[in-house]
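> how does the following fold in three dimensions:
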Amino acid sequence: MEPMTTKLSAALRIIRTHQWIKNVFVLIPLFFGEALTDPAALTAGCITMVAYSFAASAIYCLNDIIDVDADRAHPVKCKRPIASGEVSVREAYGLMALMLILSAGVVALLDNALAVGGIITFYVALNVLYCVKLKDSAIIDVCIVAFGFVLRILAGGVATGVVLSKWIVLMTFLLALFLSFAKRRDDVLRMDATGVAPRKNTIRYNLTFINQAITITGAVMLVCYIMYTVSPETIAHFHSDYLYLTSVPVLVGLLRYIQIAVVDKKSGDPTKVVLKDRATQLIILAWFLAFVFFIYIV
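Next up is the predicted model:
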């Protein structure tokens, strides 16, 4: 019984279930499209989110398979199941195949399964290229990661029939890019401290560049958000002139994350920051409640 439990624990670590929170982005079209109270749209969105989670887990398996040698030399990643020997490469490939099958099976439950499945298939193909080659190219690597989040909201929009605003698409890309650069900052700090690059492309980054990239993407994202809240189409859609006030928690949230990255030097995993940092959670909650108040109550 114990070996089986150990294998199950290792399998869950490979597919990184804690990272599934990222796929909440699939539901963003429902929130901004005021469709959260539509049972059919919400069901379609949740099904798509689950399908996307399985597809993303398949990519995590492939990533760990390809990076196994590098992970063994890494002070933290050496504890990953494949690198530590808990799971064999063959077993990891089997788990990857299972995740893809589950993803396809869940997508089949949707009325527009072909369109949503096409987006997820493109996401998988792009990330296979990323794992095999493209992640070694600085800047291209973070752009692909950011584009993956755009694909998430596109899948959510197609699944629920919600038309996405160009501002939402742009802000999603910029936010993901901001977080990706902050994550790369952690790699640069480790490289500066040990003299060993955690990734092949880390040598093409340094703190000056990363800090400027974080500042630029964060600032442009904030400007886009403000422009979104004051645009005539947004005011007409939500019937509210007060949405610009929600830019305050957005600004505070960006500053808080920069503080975590630059002062605390703990931006290596954005998911863990969201799950563990109470201040970040309160800021996100404040933004959510403010937005809900202005579009559903005022």
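> so what pLDDT did I235 get?
For I235, the pLDDT comes out at 91.
> likewise the one 10 residues further on?
At L245 the predicted local distance difference test score is 94.
> show me where the chain dips below the pLDDT cut-off.
Counting by pLDDT under 70, the ranges of the chain that qualify are 1-4, 73-75, 298.
> three-state assignment of the spatially closest residue to A55 that is not a sequence neighbour?
Nearest residue to A55, sequence neighbours excluded (C-beta to C-beta, 6 or more residues apart in numbering): S103, at 4.3 Å. C-beta here means a position set from N, CA and C on the backbone, and glycine is covered the same way. Assigned by DSSP: H, G, I helix; E, B strand; the rest coil, the conformation of S103 is helix.
> now S103: how far from L95?
13 Å (C-beta to C-beta, to the nearest Å).
> before we move on, back to that, how many neighbours does the residue nearest to A55 have?
As a burial measure, S103 scores 23 neighbours (other C-beta atoms under 10 Å).
> same question, C78
Neighbours around C78, by other C-beta under 10 Å: 12.
> how about it: what's its closest non-neighbour residue?
R72 (5.4 Å).
> now name the helix or strand holding the closest residue to S267 other than its chain neighbours.
Excluding its sequence neighbours, the residue lying closest to S267 (C-beta to C-beta, 6+ apart) is A261, at 3.6 Å. Using DSSP states H and E, A261 maps to helix 247-262.
> what's the end-to-end length of stretch 8-24?
End-to-end distance for stretch 8-24, by C-alpha to C-alpha, to the nearest Å: 25 Å.
> now that stretch: how far from the chain's centre is it?
13 Å (C-alpha atoms, centre = their mean, to the nearest Å).
> in the stretch 1-150 of the chain, which spans are helices?
With DSSP state H, counting those that start in this stretch as the criterion, the stretch 1-150 of the chain has helices at 2-15, 28-32, 39-66, 68-72, 81-84, 89-107, 113-132, 140-160.
> err, the stretch 151-298 of the chain, not the other one
166-194, 207-230, 232-238, 247-262, 270-276, 278-292.
> wait, M227 sits on W167?
Yes: using C-beta atoms under 8 Å, M227 is in contact with W167, at 6.8 Å.
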